[in-house]
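Trainee: Structure, please.
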Amino acid sequence: MRRLLPRSLHGQVLAVIAVALALAQALSIWLFADERELAVRAALAREALDRAANVMVLIERAPPGGEAPILAAASSPLVHFSVTAQPALDHSEHAPGRLMRDMAARFGPGREVRLELHTMRELVPTMPGMPREMREMHRSMGLSAVELQLSVGLTDGRWLNVTTRFHRPPLQWAVTDVATFLISALFLGAAVWLLLRRITRPLARLAAAADRLGHGDWVDEIAPSGPAELARLTLAFNRMQARLRRFVDERARLLAALGHDLRSPLTALRVRAEMVEDDETRMALIASITEMQEMVEATLTYARGAVGAEPGEAVELGGFLAGLVGDYAETGQEVTLTTPPEGLVLCIRPIGLRRALRNLIDNALRYGARARLSVEPGAEDVRIHIDDDGPGIPEADISRVFEPFLRLEGSRSRETGGTGLGLAIARTVLRAHGGDVMLANRAGGGLRATAILPRGDAAEGVEPEAAEDRG
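Mentor: Next up is the predicted model:
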């Protein structure tokens, strides 16, 4: 059923309304046809009763033996009259009460009348005198019929028997009914379309704004429009973005002040360390101070979300990755790119994404000696795989390595270097792009890091370019 419905809200609502209208119209036609059939049946039954009453009067007034020409004249292919000593019906009544009251009025009080009225599934062409052509027509058309059988007691003790059959009226589709349905559906569809447009347009703007906000872009305040519920939703979104922006700005100012306050004493400590005369002591102090500076910078980078306020750009991914790999090639490190994509444009923050990929590549070089990059374009996202030949990560620790300052012992020990923030920063950057990063041990050995980026829609009219910054 879901496959038959359109995907858009407009299409689904209009489809449901069209089906509901069609069902209502079909029900109305069915009820109308049923009422029409009942009316026709009642009219024909009353006409048959009138004929039977007239024939009864004529027979009772006719001389003895004079009923034969009356019966012959009154009978027809669909109505048969006969006079017998016993009634053709052996029960008193099998008809609606209203019809029985009509019989009492037509045949007079005190006269015994037996009547049976029922619908036959198929007209049985066995009535005396029915032409063969009519029988064949009934068989070919499969017409159903209503049969009325009547037995009226005569004054001489005999019975007048009447058998009549008439067709059920066929279902007729009036042109006015169809036209009324189409006009109603047209006007109702137009009204619903305008109403849904008034609802879906603000929803579409709100969805686009929420998507951009999820990618880390601030959006202009959206003017409330549409029904009151949508207007309140838009105002709530605007307030949420304003609170987030205030929080981020306050955190950025706090981090900037913290970074400045920490850099100054560390720089002073380094200057004082340079004055130490003992070489071994001086080198140990300088190494400790340098490590502290690196940890402070890494911590501030991670806390800022690793992307800062960098705007998004439409970048050709193949050229971007080729430039990144070229940087490593200049330093003699073994980093390769296989199957670079052509013409694949993504909206990214080049500096932030370069930092995230560098962290993943450095991780591969540190523990696997080499890094092999490959790109897997998908319908909704693009996956950048970074494979190494290292020892991998224990399965139980894969989800833990993204925790800040966590450095696993064993194959990825503390002695290999790093502050324990590289993977955390990479994940922060990629999630700010609307993507993510995953780690998995390869079947043939080594680790695969996968950076996932949403395809989205690159801005039209923006010339794709690889970022100039290599740092």
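
Trainee: residue boundaries of the strands in this structure?
Mentor: Along the chain, counting by DSSP state E, strands occupy 79-84, 93-94, 113-120, 145-153, 159-167, 313-316, 335-338, 345-348, 371-377, 381-387, 436-441, 447-454.

Trainee: Tell me which of those sits most buried.
Mentor: Per-stretch averages of neighbours, counted by mean count of other C-beta atoms under 10 Å, single out strand 345-348 among the strands of the chain, with a mean of 24. Bear in mind the C-beta positions are built from the backbone N, C-alpha and C, glycine included.

Trainee: Run through the neighbouring helices and strands of that one.
Mentor: strand 313-316, helix 317-330 (3 or more C-beta pairs under 8 Å, 6 or more residues apart in numbering; DSSP states H and E).

Trainee: Go through the ones you listed and name the closest to residue 263.
Mentor: Closest to residue 263 of the helices and strands packed on strand 345-348, according to C-beta to C-beta: helix 317-330, at 26.8 Å.

Trainee: What are the structural domain limits within the chain?
Mentor: 9-167, 207-304, 310-454 (automatic domain parsing).

Trainee: For residue 439, report the pLDDT, please.
Mentor: pLDDT, residue 439: 92.

Trainee: What ranges does the stretch 351-471 of the chain have for its helices?
Mentor: Here the stretch 351-471 of the chain has its helices, by DSSP state H, counting those that start in this stretch, at 422-432.

Trainee: How about the stretch 51-200 of the chain?
Mentor: Counting by DSSP H, counting those that start in this stretch, the helices of the stretch 51-200 of the chain are 67-74, 97-107, 132-141, 175-214.

Trainee: rank those by pLDDT, which is bottom?
Mentor: helix 132-141 - the lowest mean pLDDT of the helices of the stretch 51-200 of the chain, at a mean of 50.

Trainee: Now do the contacts for residue 206.
Mentor: When contacts are counted by C-beta atoms under 8 Å, 6 or more residues apart in numbering, residue 206 is found next to 222, 230, 233, 234, 237.

Trainee: again, 7 Å this time
Mentor: With contacts defined as C-beta atoms under 7 Å, 6 or more residues apart in numbering, the neighbours of residue 206 are 222, 233, 234, 237.

Trainee: before we move on, back to that, turn the helices and strands packed on strand 345-348 into TSV, including distance to residue 393.
Mentor: Below are those laid out as TSV (distance: least, C-beta to C-beta, whole Å):
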stretch	distance to residue 393
strand 313-316	30
helix 317-330	22
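
Trainee: if you compare these, which one is most tucked away?
Mentor: By mean count of other C-beta under 10 Å, the helices and strands packed on strand 345-348 have strand 313-316 as the most buried, with a mean of 20.

Trainee: For the chain, name the helix or strand with the lowest mean pLDDT.
Mentor: Least confident helix or strand of the chain, by mean pLDDT, DSSP states H and E, is helix 132-141 with a mean of 50.

Trainee: who are the neighbours in contact with residue 182?
Mentor: With contact set as C-beta under 7 Å, 6+ apart, residue 182 has no partners.

Trainee: roughly how far apart are residue 446 and residue 385?
Mentor: In this view, residue 446 and residue 385 are 11 Å apart by C-beta to C-beta, to the nearest Å.

Trainee: er, residue 89 I mean
Mentor: Remark: distance between residue 89 and residue 385 (C-beta to C-beta) = 91 Å.

Trainee: Could you do residue 393 as well?
Mentor: Noted for residue 393: a distance of 16 Å to residue 385, by C-beta to C-beta.

Trainee: ok, residue 439 - contacts?
Mentor: 393, 398, 401, 447, 449.

Trainee: quick one: which of these is nearest to residue 313?
Mentor: For these, the closest approach to residue 313 (C-beta to C-beta) belongs to residue 449, at 23.7 Å.

Trainee: I figured that closest one hits residue 358, correct?
Mentor: No: using C-beta atoms under 7 Å, residue 449 is not in contact with residue 358; the gap is 12.0 Å.

Trainee: Send over stretch 352-365 as PDB, restricted to the C-alpha atoms.
Mentor: Taking Å, rounded to 0.1, in the frame of the first residue of the first chain, the C-alpha atoms of stretch 352-365 are listed here in PDB:
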ATOM      1  CA  GLY A 352      38.500  21.600   8.900                       C
ATOM      2  CA  LEU A 353      38.000  18.500   6.700                       C
ATOM      3  CA  ARG A 354      41.800  18.600   5.800                       C
ATOM      4  CA  ARG A 355      42.600  18.600   9.500                       C
ATOM      5  CA  ALA A 356      40.200  15.600  10.100                       C
ATOM      6  CA  LEU A 357      41.700  13.600   7.200                       C
ATOM      7  CA  ARG A 358      45.200  14.400   8.300                       C
ATOM      8  CA  ASN A 359      44.500  13.100  11.700                       C
ATOM      9  CA  LEU A 360      43.200   9.800  10.300                       C
ATOM     10  CA  ILE A 361      46.100   9.600   7.800                       C
ATOM     11  CA  ASP A 362      48.700  10.400  10.500                       C
ATOM     12  CA  ASN A 363      47.100   7.700  12.600                       C
ATOM     13  CA  ALA A 364      47.500   5.200   9.800                       C
ATOM     14  CA  LEU A 365      51.100   6.200   9.200                       C
END
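
Trainee: Of the strands of the chain, which is nearest residue 365?
Mentor: So among the strands of the chain, strand 371-377 is nearest, using C-beta to C-beta, at 5.7 Å.

Trainee: which other helices and strands contact that closest one?
Mentor: If you count contacts as 3 or more C-beta pairs under 7 Å, 6 or more residues apart in numbering; DSSP states H and E, strand 371-377 packs onto helix 317-330, strand 335-338, helix 350-368, strand 381-387.

Trainee: Quick one: residues in contact with it.
Mentor: Outside strand 371-377, the residues within contact range by C-beta under 7 Å, 6+ apart are 317, 321, 325, 335-341, 344, 361, 364-365, 382-388.

Trainee: now it: mean pLDDT?
Mentor: Mean pLDDT, computed over strand 371-377, is 92.

Trainee: I figured residue 325 hits residue 337, correct?
Mentor: Yes: the criterion here is C-beta under 7 Å, and residue 325 meets it with residue 337 at 4.7 Å.

Trainee: Tell me how far the residue lying closest to residue 212 once chain neighbours are set aside lies from residue 206.
Mentor: Excluding its sequence neighbours, the residue lying closest to residue 212 (C-beta to C-beta, 6 or more residues apart in numbering) is residue 219, at 5.2 Å. According to C-beta to C-beta, residue 219 and residue 206 sit 10 Å apart.

Trainee: How about residue 312?
Mentor: In terms of C-beta to C-beta, residue 312 sits 20 Å off from residue 206.

Trainee: can you check residue 232 too?
Mentor: With C-beta to C-beta as the criterion, residue 232 and residue 206 are 12 Å apart.

Trainee: Ok, residue 436 next?
Mentor: Taking C-beta to C-beta, one finds residue 436 at 24 Å from residue 206.

Trainee: can you check residue 388 too?
Mentor: 43 Å.

Trainee: related to what we said a few turns ago, looking at the contacts of residue 206, which are in helices?
Mentor: 233, 234, 237 (DSSP state H).

Trainee: which residues does the residue lying closest to the second one once chain neighbours are set aside contact?
Mentor: Excluding the flanking residues, the one nearest residue 234 by C-beta to C-beta, 6+ apart is residue 224, at 4.5 Å. The contact partners of residue 224, taken as C-beta under 7 Å, 6+ apart, are 231, 234, 235.
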